[in-house]
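In: Here is my input; please provide its structure:
(chains A and B)
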Amino acid sequence: MDDSDEALMVRIARGDERAFRTLSARHVPAMLGLARRILGNAADAEDVAQEAMLRVWTHAPRWQPLAAFRTWLTRVTVNLCLDRKRRAPWVALEAAGEIVDPAPGAGEKAEHDERERLVQAAIAELPARQRTAIVLTYGDGMSNAQVAEILDTSVSAVETLLVRGKQNLRRALDSVIDKDE
Amino acid sequence: MQNDRFDEYLDKTVTRQTKAPPDDDAAIERVLKRLGGPLPRQKFPWWQLPNVLLDWQFAPAWPRVAVLAGCAAVGFAIGITGIDRRIEPADTAFAVASNSDLGSIVFEPEALTGARP
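Out: So this is what the prediction gives:
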């Protein structure tokens, strides 16, 4: 039996719940990770991943295989994340930092960790679309064309989002990291 | 830190921090468990409406079709006979013609000469 995403979608469109469970088990981990990176909140990410998969189920009869299923699902997940970001501000759960280890070399490690935390905070402070473009491009290694398809925009707009995102990161981190050197 | 080194550092750090995190098995399990419950009704496009009706067992049964056809026939008969009109005596139309039209034919002046009968 053909177990490709598209074949499973055909079966789901006919109301096959077993096919839906197979597709969910295949894609929930990735969508959960993506939502967590965009939202910065594990609980919200679970809600988004669940809602995205439920949309797969309800919209399966209308789904047309114009794009790869994974691209479509990523787009649904990203849109749900952006909707959620519009409704609620970002809360950085990891902002508390870590306890400093007194072992040898702990100072360097603490400094490194502090930098990492600053970069993470700066990424979290980016506007949602800029952060999403950066996560998809840098984190998932997608091309600008793929990101444009997911964000429903043009390639040049994605390039602009990436440039502005990096400018904002540089602005946020420049002074802090220069002082350390 | 030099600009090019800073850019390099930024690229590496952003790439590392935006990488997909290791799978959170507990969270995955929770989501899959929630998806295992009763699923909502699917949304069908309008061009698949006949299939939807069949799926919902709304297919018409023959007795109902016969009743519907009977009602349609009765309605057609009522429409043809005009049961909603006022019932008039059968000779009304003839009486009107005999009282007025016949007189005008007899006593109307001739068109060219104006002579009256």
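
In: Just the closest residue of chain B to chain A, please.
Out: Closest residue of chain B to chain A, CB to the nearest CB: B:Thr18 (3.3 Å). Glycine gets a C-beta too; all of them are placed from N, C-alpha and C.

In: What pLDDT is listed against that residue?
Out: B:Thr18 is assigned 82 on the pLDDT scale.

In: residues in contact with it?
Out: A:37, A:123, A:134-135, A:138-139 (CB atoms under 8 Å, 6 or more residues apart in numbering or on different chains).

In: Worst mean pLDDT across the helices and strands of chain B, which element?
Out: Lowest on mean pLDDT, DSSP states H and E among the helices and strands of chain B sits helix B:92-96, with a mean of 53.

In: ditto for chain A
Out: Quick look at chain A via mean pLDDT, DSSP H and E: least confident is helix A:106-125, a mean of 78.

In: just the CA coordinates of the one helix or strand B:Ile78 maps to, formatted as PDB?
Out: If you go by DSSP states H and E, B:Ile78 is part of helix B:62-81. Taking Å, rounded to 0.1, in the frame of the first residue of the first chain, the C-alpha atoms of helix B:62-81 are listed here in PDB:
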ATOM      1  CA  TRP B  62     -39.000   5.800  -3.000                       C
ATOM      2  CA  PRO B  63     -42.100   6.300  -0.800                       C
ATOM      3  CA  ARG B  64     -40.900   9.900  -0.100                       C
ATOM      4  CA  VAL B  65     -40.300  10.400  -3.700                       C
ATOM      5  CA  ALA B  66     -43.800   9.200  -4.500                       C
ATOM      6  CA  VAL B  67     -45.300  11.600  -1.900                       C
ATOM      7  CA  LEU B  68     -43.300  14.400  -3.300                       C
ATOM      8  CA  ALA B  69     -44.400  13.600  -6.900                       C
ATOM      9  CA  GLY B  70     -48.100  13.400  -5.700                       C
ATOM     10  CA  CYS B  71     -47.800  16.800  -4.000                       C
ATOM     11  CA  ALA B  72     -46.300  18.300  -7.100                       C
ATOM     12  CA  ALA B  73     -49.100  16.800  -9.300                       C
ATOM     13  CA  VAL B  74     -51.800  18.300  -7.000                       C
ATOM     14  CA  GLY B  75     -50.100  21.600  -7.000                       C
ATOM     15  CA  PHE B  76     -49.900  21.600 -10.800                       C
ATOM     16  CA  ALA B  77     -53.600  20.700 -11.100                       C
ATOM     17  CA  ILE B  78     -54.600  23.600  -8.700                       C
ATOM     18  CA  GLY B  79     -52.400  25.900 -10.700                       C
ATOM     19  CA  ILE B  80     -54.100  24.900 -14.000                       C
ATOM     20  CA  THR B  81     -57.700  25.000 -12.800                       C
END
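
In: Quick check: mean pLDDT of that helix?
Out: So the average pLDDT for helix B:62-81 ends up being 89.

In: Same question for stretch A:69-88.
Out: For stretch A:69-88, the per-residue pLDDT averages 88.

In: And that stretch, how far out from the chain middle?
Out: Distance, stretch centre to chain centre, for stretch A:69-88: 9 Å (CA atoms, centre = their mean, to the nearest Å).

In: Quick one: residues in contact with it.
Out: Stretch A:69-88 has contacts (CB under 8 Å, 6+ apart) with A:5-6, A:9, A:27, A:31, A:34-35, A:38-39, A:44, A:47-49, A:51-52, A:55-56, A:63, A:128-129, A:132, A:136, A:146, A:149-152.

In: can you tell me which residues contact B:Pro109?
Out: B:115-116.

In: Most neighbours among the contacts of B:Thr18, which one?
Out: A:Val135 (27 neighbours; other CB atoms under 10 Å in any protein chain shown).

In: mind checking the longest helix of chain A?
Out: Longest helix in chain A, counting residues (DSSP state H): helix A:155-180.
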